[in-house]
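Novice: Structure, please.
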Amino acid sequence: MSIFNIKAIAQDNTLSPIQLEKGDICGIVAGINIREILYEGSKVTVERIMGEGDFYLKYNFDVENCAIVSAITDDNGDVFRVSIGPSKYVTAGGAHVGMTLRELKIIYPKAILAFQFDGMGSSGGQYSFSIDKLGVFTIDASSIMKKCGDKFPYCEDYMMGLKTVNFFTY
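Specialist: Residues are numbered from 1 along each chain as shown. Down below sits the predicted model:
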């Protein structure tokens, strides 16, 4: 993994409160070219990550009055995934990173839970809790594998108590 600093700044979205929404986290927007959000004046870290069988660049912006927001780009520099870790920002339904899977299921009962092995930039597997037309909350699956092994159906209560670690949108 290579990490280096680039002098840049992300455009600041000053609307308050900022909500987690489809394709946009704190002014870092999916679908635009990374060159459109790199400006002189602030630091951003960049790392090369492996995901879905290919390498990508992940830009980690420290957005003022927001949090660390990550943008993953394709070969052309177009942002196709924007993510945020624990922060004060919430979805319109009130969900935020750090909630348990049980809490998310109450807010979004129709969301889909799926397992992804070796997802974008993760080490090992993760569970994704996909909310239609919004984005995805992720849960680190490493503790589930250690505790449950191949007896997963018996670990549902344990899993429901795990906290989300990330939210991403596209």
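Novice: all helices for this structure, in order.
Specialist: 101-107, 142-148, 156-160 (DSSP state H).
Novice: and the residue nearest to Val29 when sequence neighbours are not counted, what does it touch?
Specialist: Take Val29 and drop its neighbours on the chain: the residue closest to it by C-beta to C-beta, 6 or more residues apart in numbering is Gly23, 6.1 Å away. (C-beta placed from N, C-alpha, C; glycine too.) Contact analysis of Gly23 by C-beta atoms under 8 Å, 6 or more residues apart in numbering lists Val29, Ala30, Gly31, Val82, Thr169, Tyr170.
Novice: Mind putting the helices of the chain into a markdown table with mean pLDDT, distance to Gly94 and mean neighbour count?
Specialist: Compiled in a markdown table, the helices of the chain are given as follows (pLDDT from 0 to 100; distance: least, C-beta to C-beta, whole Å; neighbours: other C-beta atoms under 10 Å):
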| stretch | mean pLDDT | distance to Gly94 | mean neighbour count |
| --- | --- | --- | --- |
| helix 101-107 | 95 | 6 | 16 |
| helix 142-148 | 77 | 25 | 14 |
| helix 156-160 | 85 | 18 | 13 |
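Novice: Redo those helices as a markdown table? Include distance to Leu38.
Specialist: Listed next are the helices of the chain as a markdown table, based on distance: least, C-beta to C-beta, whole Å:
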| stretch | distance to Leu38 |
| --- | --- |
| helix 101-107 | 33 |
| helix 142-148 | 33 |
| helix 156-160 | 39 |
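Novice: which stretch among these comes nearest Asp132?
Specialist: helix 101-107 (13.0 Å; C-beta to C-beta).
Novice: Which strands or helices does the closest one pack on?
Specialist: In this structure, helix 101-107 makes packing contacts with strand 125-131, helix 156-160, judged by 3 or more C-beta pairs under 8 Å, 6 or more residues apart in numbering; DSSP states H and E.
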